[in-house]
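S.K.: Next one to model:
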Amino acid sequence: MKGRILAKGAPVGHAKLFLVPVGREDPEALRPRATTSSDGSFVISTYASGDGAPVGEYAVGITWRGPHNQASAKDANPAIGAEESGKDFGKDEGRFDLFKNRYRDPKSSGIKIKVDAAPTVVPDIDLK
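M.R.: Model (predicted):
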């Protein structure tokens, strides 16, 4: 299962996403997850790297902190607002979500993915 995350049409590199099964609340269940490449692409893993997700419908949570040694949010993606463009991201600790937690909670992100038995390619997720 693969796809791509964009923000205002530009690739979102180094974002983390995780899938939560819709209608099945099990806090101990493994969560399908991925980290985007610099071009915004991702491959979902659940049990092993790149193995996809079990068949079902999922709500998606996304956080984006940009690359580890990023000088500014604007360097990570010029599509983000000007108010973030001068903020320092030199250290991993304390970096904030460039999406301001809008997509962090799968229950309120508004993003859903349906996984079928056939290989799934998710349409581009373009966040505004």
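S.K.: Quick check: which ranges of this structure have low pLDDT?
M.R.: Within the chain, the ranges that satisfy pLDDT under 70 run 67-95.
S.K.: could you pull out the helices for it?
M.R.: Under the criterion DSSP state H, helices of the chain are mapped to 73-76.
S.K.: which strand in it runs the most residues?
M.R.: Criterion DSSP state E: the longest strand present in the chain is strand 56-64.
S.K.: neighbouring contacts of it?
M.R.: When contacts are defined by Cβ atoms under 8 Å, 6 or more residues apart in numbering, strand 56-64 is touched by residues 5, 7, 12, 14-24, 32, 76, 97-99, 101, 103-107, 109, 111-115, 125, 127. Backbone N, C-alpha and C define where each C-beta goes, glycine included.
S.K.: The residues you listed in strands, which ones?
M.R.: Going by DSSP E, the strands hold 5, 7, 15-21, 112-115, 125, 127 from the contacts of strand 56-64.
S.K.: quick one: contacts for the closest residue in space to residue 12 that isn't next to it in sequence?
M.R.: By the measure of Cβ to Cβ, 6 or more residues apart in numbering, the closest residue to residue 12 outside its immediate chain neighbours is residue 5, 4.4 Å from it. Taking Cβ under 8 Å, 6+ apart, we find residue 5 in contact with 11, 12, 15, 17, 36, 40, 42, 62, 124, 125, 127.
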